[in-house]
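# Would you be able to build a 3D model of this:
(one chain, ligands or ions: 2)
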Amino acid sequence: MAAVVCRKEYCIGCRLCEVFCVAAHSGVGNLLLAWRQVPRPRPRVLVEEKEEQTLAVQCQHCAEAPCLEACISGAMVRDAATGAVICREDRCVGCWSCVMVCPFGAVVPHEAGGRRHALKCDLCAGSEAPWCVAHCPNRALVLVREEEAGCRPTT
Ligand code: SF4
Ligand code: SF4
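Ligands and ions are numbered 1, 2, ... in the order given. Here you go, the predicted model:
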């Protein structure tokens with residue numbers, strides 16, 4: 001199991017993690033083309049700000065994941081190979097139960113083309129590393145593995 005963790009002392013609030021998350025999940029693999037898509041794909045990592053402090057927030061792939069328990073349609077599943085909690089968007093019915101129970105606010109409710117479904121970090125499955133980690137200019141985002149990951153506070 002692994003999760004991306006934000007080291008808040010290094011986060012400079014540039015939001016490049018959001019930009020590269022959009023590119024990673026756009027299906028076009030190109031930053032500029034991804035940004036021009038209509039509707040624009042939404043990031044699965046969100047940078048929050050409080051006064052001078054910024055922090056990138058995303059799924060922690062909890063060992064005991066409330067979203068897995070709450071999902072009414074079987075859309076939220078744990079990947080057997082990686083241990084990541086992923087949303088099968090084709091199964092999602094958009095009830096937002098997962099949005100309500102996630103202690104990190106890491107599930108993004110998404111609506112497009114008359115369809116609702118949850119969006120969340122999938123650790124950029126199939127990539128060498130999550131794009132947000134690979135492109136964070138100040139190395140605030142790190143991929144933490146095994147026992148260090150799972151439902152611990154990031155603030
Ligand atoms: S952080 Fe939220 S979305 Fe991620 S596994 Fe935990 S409850 Fe689910
Ligand atoms: S919004 Fe989708 S993924 Fe979330 S609990 Fe409902 S059906 Fe499951």
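
# tell me what the helix or strand of the chain with the lowest mean pLDDT is packed against?
Within the chain, confidence by mean pLDDT, DSSP states H and E is lowest for helix 31-36 among all helices and strands, at a mean of 86. Under the contact criterion of 3 or more CB pairs under 8 Å, 6 or more residues apart in numbering; DSSP states H and E, helix 31-36 touches helix 16-24. Bear in mind the C-beta positions are built from the backbone N, C-alpha and C, glycine included.

# Now do the helix it packs on: which elements does it pack against?
Helix 16-24 packs on helix 31-36, strand 46-50, helix 131-135, going by 3+ CB pairs under 8 Å, 6+ apart.

# Now tabulate the ones you listed in TSV and tack on mean neighbour count and distance to ligand 1.
Listed next are the helices and strands packed on helix 16-24 as TSV, based on neighbours: other CB atoms under 10 Å; distance: least, CB to the nearest ligand atom, whole Å:
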stretch	mean neighbour count	distance to ligand 1
helix 31-36	14	23
strand 46-50	14	12
helix 131-135	20	15
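
# out of these, which comes closest to residue 17?
helix 131-135 (3.7 Å; CB to CB).

# which residues of the chain fall in strands?
Ranges of strands in the chain, per DSSP state E, are 2-6, 46-50, 53-57, 76-78, 85-87, 108-112, 115-119, 141-145.

# With mean pLDDT as extra columns, can I get the ones you listed in CSV?
Output for the strands of the chain, formatted as CSV (pLDDT from 0 to 100):
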stretch, mean pLDDT
strand 2-6, 95
strand 46-50, 96
strand 53-57, 97
strand 76-78, 98
strand 85-87, 97
strand 108-112, 92
strand 115-119, 95
strand 141-145, 94
